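Asks: Requesting a structural model of the entry that follows:
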Amino acid sequence: MTASPKAAGTGPRAALASYADTFARLAVANVTRAYPNFPAHLLAGPDEPVAPRAYHPAFYGAYDWHSAVHMHWLALRLLNRHPLAAAETAAVTEVLDAHLTPEALAAEAAYLSANPSFERPYGWAWLLMLTAESAESAENVKSTDGRWYAALAPAARAVADLLLAWLPKARYPVRHGVHGNSAFALGLVLDSADRAGVPDLVEPVRAKLREWFEGDHGGALRWEPSGQDFLSPLLAEADAMRRVAAPGEFGAWTARLLPELTAAAASGEWLLLAPPEVTDPADGQIGHLHGLCFSRATALYSLADALDDARSGVLRDTADAHLEAGLSALGSGDFTTDHWLATFAVLALEASGARASD
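Replies: This is a model prediction of the structure:
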């Protein structure tokens, strides 16, 4: 039996308010930084333009398209939910007004429709998350008149149509721990579809998650992570199924999927799995493991709340350890991690209960 160094359910509860202005500055700097850039565009001929803004007038920055989208989400999330200083509020509003225009988003929507496998499914999910966040902004009397939501709506519809066309063909899920992971992306879709104005996605996505994962059992967290994961395949799956399981069935399903969790709770273990060791944070792939700390923490906190039984203490303690490890990597000044990591930090801090009061 391993004794916990802290009471179950406690741990790092760093106030998100202390990070909000820094994260807002990071978001603004990244979404307006066009280079270095890693375009995911298939060149059809020698005369095609390659400058990021030629194809993506809204989401040209932050190294790659999906990072640009979710760093816009981060900026808007902070504006909506967490107090920012006046200078950061003005800077965020200015950049969102410059990027989230009807013309720029029409171009983004057209590109998505013309390139149906582009950013599937990870970038698609983040576009819906951004649209959903803009809906909250439209309802927030401190914020806008709905112009960002109106501009984003056609792109959200394009993503919804792409998802509805893809899901029937997606016979098998992608289970690795990077961008293509099916469970993580579809979990975000469920979180955002209604508010993004595409509620017709909800039931097809719920049905696909159950088709893919309902029969899974005997998962082994000890096999994780792979060397470049920023997601945990098993925890992402469990967190997605948390969103769709029928009342009363999730606890038993989790016991089948994660027998290690049941064993840890029964034996008095406090740590289900250790935070990953990041040997070279400046390496773009190895540095993904910093994000794994945050995405694991987010899933672990959510699972602890959903289960609310003897397993919850193990989950919360493990989440605390991962959150603390991830926070140590923030603000490095290295664009390799700074262009994306703060988004996952906010998700984890919010899941931990560290929301700042309005």
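Asks: Roughly how far does R120 sit from A297?
Replies: According to CB to CB, to the nearest Å, R120 and A297 sit 26 Å apart. Where C-beta positions appear, they are placed from N, C-alpha and C, glycine not excepted.
Asks: Tell me which of the two has more neighbours.
Replies: Taking other CB atoms under 10 Å, R120 and A297 do not tie; A297 has more neighbours (32 against 21).
Asks: Next up, the contacts around the more buried one.
Replies: A319, D320, H322, L323, G326, A348, A351, S352 (CB atoms under 8 Å, 6 or more residues apart in numbering).
Asks: would you turn those into CSV with pLDDT and neighbour count?
Replies: Listed next are the contacts of A297 as CSV, based on pLDDT from 0 to 100; neighbours: other CB atoms under 10 Å:
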residue, pLDDT, neighbour count
A319, 97, 27
D320, 94, 24
H322, 96, 30
L323, 95, 27
G326, 94, 27
A348, 96, 27
A351, 95, 22
S352, 93, 21
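Asks: Just give me the closest of these to A220.
Replies: A220 lies nearest to H322 out of the contacts of A297, by CB to CB, at 18.3 Å.
Asks: Please identify the helix or strand for that closest one.
Replies: helix 311-327 (DSSP states H and E).
Asks: contact partners of the next helix or strand after that helix?
Replies: Following helix 311-327 in sequence order, the next helix or strand is helix 335-338 (DSSP H and E). Applying CB under 8 Å, 6+ apart, the contact partners of helix 335-338 are 26, 30, 33, 36, 63, 281-284, 287, 290-291, 329, 331-332.
Asks: Go again with 7 Å.
Replies: L26, N30, P281, A282, G284, G287, H290, A329, S332 (CB atoms under 7 Å, 6 or more residues apart in numbering).
Asks: Equivalent analysis for stretch 74-93, please.
Replies: If you take CB under 7 Å, 6+ apart as the criterion, stretch 74-93 is touched by 16-17, 20-21, 23-25, 27-28, 95-96, 130, 133-134, 136-137, 140, 143, 342-343, 346, 356.
Asks: out of those, which are buried?
Replies: Buried members of the contacts of stretch 74-93, counted by 16 or more other CB atoms under 10 Å: 16, 20-21, 23-25, 27-28, 95-96, 130, 133-134, 136-137, 143, 342-343, 346, 356.
Asks: can you give me the helices in the stretch 101-250 of the chain?
Replies: Taking DSSP state H, counting those that start in this stretch to define them, one finds helices in the stretch 101-250 of the chain at 102-114, 122-139, 147-166, 182-192, 202-213, 233-242, 250-257.
Asks: starting at the chain centroid, how far to stretch 237-250?
Replies: The gap between where stretch 237-250 is centred and where its chain is centred comes out at 18 Å by CA atoms, centre = their mean, to the nearest Å.
Asks: again with stretch 227-245
Replies: Centroid separation for stretch 227-245 versus its chain: 11 Å, with CA atoms, centre = their mean.
Asks: Next, the buried residues of it.
Replies: Buried residues in stretch 227-245 (16+ other CB under 10 Å): 228-245.
Asks: got it, and stretch 320-338?
Replies: For stretch 320-338, by 16+ other CB under 10 Å, it's 320-323, 325-327, 329-331, 335-338.
Asks: now do stretch 310-317
Replies: Across stretch 310-317, burial judged by 16+ other CB under 10 Å covers R311, S312, G313, V314, L315, R316, D317.
Asks: what's the answer for stretch 90-101, then?
Replies: For stretch 90-101, the buried set under the neighbour-count rule, 16+ other CB under 10 Å, comprises A91, V92, T93, V95, L96, H99, L100, T101.
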